[in-house]
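# Sequence plus the predicted model coming up.
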Amino acid sequence: MYKEKLILIPSLLIIIIAFTEIPPVQAITWSPNMRLTWNESDDWHPSIAQASDGMIWVVWHSRRTGNYEIFYKTHNASSVHPWSSDTRLTANTGVDRTPAVMQAADEKIWVVWSSNRTGDYDIFYTTYNESSWLSEPRRLTVDPGEDHFPSIIQGSDGKIWIFWSSNRMGDPSEIFCSTSSDNGANWSTAARLTTDLADDWRPSAVETTDESIWIVWTRGNDLYYKILFRNMTEKLTDTLLTKSPGQNWHPSVTRTDNDTIWVVWDSDRRDVGRNSEIYYKINDGSWSHDVRLTENVENDLMPSIMQTSADNIWIAWTSTAFDNVDIYYLTDEFPQPHNLAIFSVIPSPTMVYRGEEDVLIEVVVQNHGTEDETVYVECRANTILLGFATFNLTAGQLWTETFTWNTSASASRKYIISANVTSVPGETDLADNFMSAEDLVEVRIRGDIVGMYEEVLLPIPDGQVDLDDFMIAVGQFGTAYPNWDPVWGLVCDVNNDKVVDIDDLMIIALHYGET
């Protein structure tokens, strides 16, 4: 009996230690998933950071131009519509991808990415000084190997660190780092930080209050981390962070003001369906369990995490939730129970001939609150009501409503297209209940081809079909592309058949006098 008790006591101690070494994560109330980009092409690999003025920056790579380029947008919380338009940062025939963003102590915004514009993939970067970007990106690496997945931080001593993965030593890939103590004027020789036989890639790094550098990366199908002193010597060697079936990839790490380390990543094959979801874990002295953040039937991957000056966590990621590949985000800011928002207003086409073609207007509404709502939304062209719709939205749900504008009775002019969602009981944030489209829609009259502007006749419609339109077409009668007048021949070809003939004159005559 005594021997059995001796065996039982160590066993119980092992069980107690196992449960106390992995604390649970305190329950966090997250906002609904909010969609950030809305483009038919693919938007991948976001990186998120906040500047000292409170502006939040998100950068990513997109194929919307036909080639992968770097795009960004900013969030100004004091603006009626906080998010700016998508802005293209790079324009190169090579592939620019996997960007990372940060702000340095001198308030310059840094964006670093991987590009094959020189033949093989190298690391490039640029900076923004509150008014403009560098005229040309700067090249950091010149090795003939493939350099990918850069990450950038600045230490409390002002030193800038750029980490990346490279196969320059031959397969497999390893993690490398270069530093600059003079704001990028000079860089140290690339230092190799890993030497494992498996691929080490996609590093992310952060400095803690004790001036240690924590680096998290993917090795094979799991995450590892290590801790460095400022001189790049190891404080903690390569340490396994995750162990689960499937793949644990694309980590991003940040430190909160209370010196807690957060790591987010994507993982698949943990649940039925085998789709990728976002997970996170924290270290406030020891590592927590893995916590699932997203629950979608599609793939959520490539997350990026940061803490704002208001101590809120923001996480951005790539998702295929709506068939497109777009960027989403959420925060731990306490979500309001009732909060509707217009996400986007997109008219197409933006120039039509009156009565010949309808304008389709896609209005996207999201329920940012935590309660289900009945939504009423209106769409207008200037003050003209084009239509309205009523539908139900669950908490966090996005809805696209398409309005059709028949322009037959519309005046010839440019129109501001807008949408408004009626506030619901208890809603206090009304700034995002209204939105205007970025592009105006112009309604023209077929046959209105010229106008008199300050006593000069110009090939610009003036909103009326009159003698000026008819006579200029008569003057170009019989000319044909490519031998016609390059300016007047083009506008006088009213029916776009490459020749100015009787058909064009008849169209002008048919609409003569219309305004």
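It's in.
# ok, now which ones touch the residue most central in space within the chain?
The chain has residue 327 as the residue nearest its centroid, 4.6 Å off, counting by Cα atoms, centre = their mean. Neighbour list for residue 327: 35-37, 43, 46, 58, 60, 316-319 [criterion: Cβ atoms under 8 Å, 6 or more residues apart in numbering]. (Glycine included, C-beta is placed from N, CA and C.)
# Pick the one among those closest to residue 81.
Distance to residue 81 across the contacts of residue 327 (Cβ to Cβ) is lowest for residue 36, with 13.0 Å.
# any idea how far residue 28 is from the nearest residue to that closest one once chain neighbours are set aside?
Spatial nearest neighbour of residue 36, chain neighbours left out: residue 327 (4.3 Å); criterion: Cβ to Cβ, 6 or more residues apart in numbering. Separation of residue 327 from residue 28 (Cβ to Cβ, to the nearest Å) stands at 21 Å.
# what does residue 495 give?
Residue 495 is 62 Å from residue 28, by Cβ to Cβ.
# Likewise for residue 339?
19 Å.
# quick one, which of these two is more surrounded?
Just comparing residue 339 and residue 28: by other Cβ atoms under 10 Å the higher neighbour count belongs to residue 339, 25 against 11.
# For that one, list the residues it contacts.
Contacts of residue 339 were listed using Cβ under 8 Å, 6+ apart, and they are 367-369, 427-429.
# Drop anything exposed from the residues you listed.
For the contacts of residue 339, a burial check counting by 16 or more other Cβ atoms under 10 Å picks out 367-369, 427.
# Present the residues you listed as CSV; the columns should include distance to residue 145.
Putting the buried ones among the contacts of residue 339 into CSV (distance: Cβ to Cβ, whole Å) gives the following:
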residue, distance to residue 145
367, 48
368, 45
369, 50
427, 55
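# Nearest to residue 82 among these?
residue 368 (11.8 Å).
# shaky segments in the stretch 201-350 of the chain?
Residue ranges of the stretch 201-350 of the chain with pLDDT under 70: 271-273.
# before we move on, the earlier item: which ones among the contacts of residue 327 map onto strands?
Per DSSP state E, strands hold the following members of the contacts of residue 327: 35, 43, 46, 58, 60, 316-319.
# looking at this, residue 507 is in a helix?
Yes - membership of residue 507 in a helix is supported by DSSP: H, G, I helix; E, B strand; the rest coil.
# can you map out the helices along this protein?
Along the chain, the segments classed as helices by DSSP state H run 2-20, 467-475, 488-492, 502-510.
# among these, which gets the worst mean confidence?
Across the helices of the chain, helix 2-20 has the smallest mean pLDDT, namely a mean of 37.
# distance of residue 108 from residue 307?
Per Cβ to Cβ, residue 108 is found 20 Å from residue 307.
# Just the terminal-to-terminal distance for stretch 176-193.
The first and last residues of stretch 176-193 sit 6 Å apart, counting by Cα to Cα, to the nearest Å.
# what's it in contact with?
Taking Cβ under 8 Å, 6+ apart as the rule, stretch 176-193 contacts 104, 106, 108, 125, 127, 138, 140-141, 143, 147, 158-166, 168-169, 174-175, 215, 226, 228, 232.
# same thing with stretch 343-360?
With contact meaning Cβ under 8 Å, 6+ apart, stretch 343-360 is reached by 35, 38, 361-366, 379, 381, 398, 402-408, 410, 412, 417-419, 435-437, 439-446.
# Now do the same contact list for residue 290.
By Cβ under 8 Å, 6+ apart, the residues touching residue 290 are 242, 244, 267, 279-281.
# Check residue 317 too.
Listed by Cβ under 8 Å, 6+ apart, the contact set of residue 317 reads 46, 266, 278, 294, 300-304, 327-329.
# okay, now the nearest residue to it once chain neighbours are set aside: neighbour count?
Residue nearest to residue 317 in three dimensions, not counting chain neighbours: residue 303, with 4.0 Å by Cβ to Cβ, 6+ apart. Using other Cβ under 10 Å, residue 303 is surrounded by 27 other residues.
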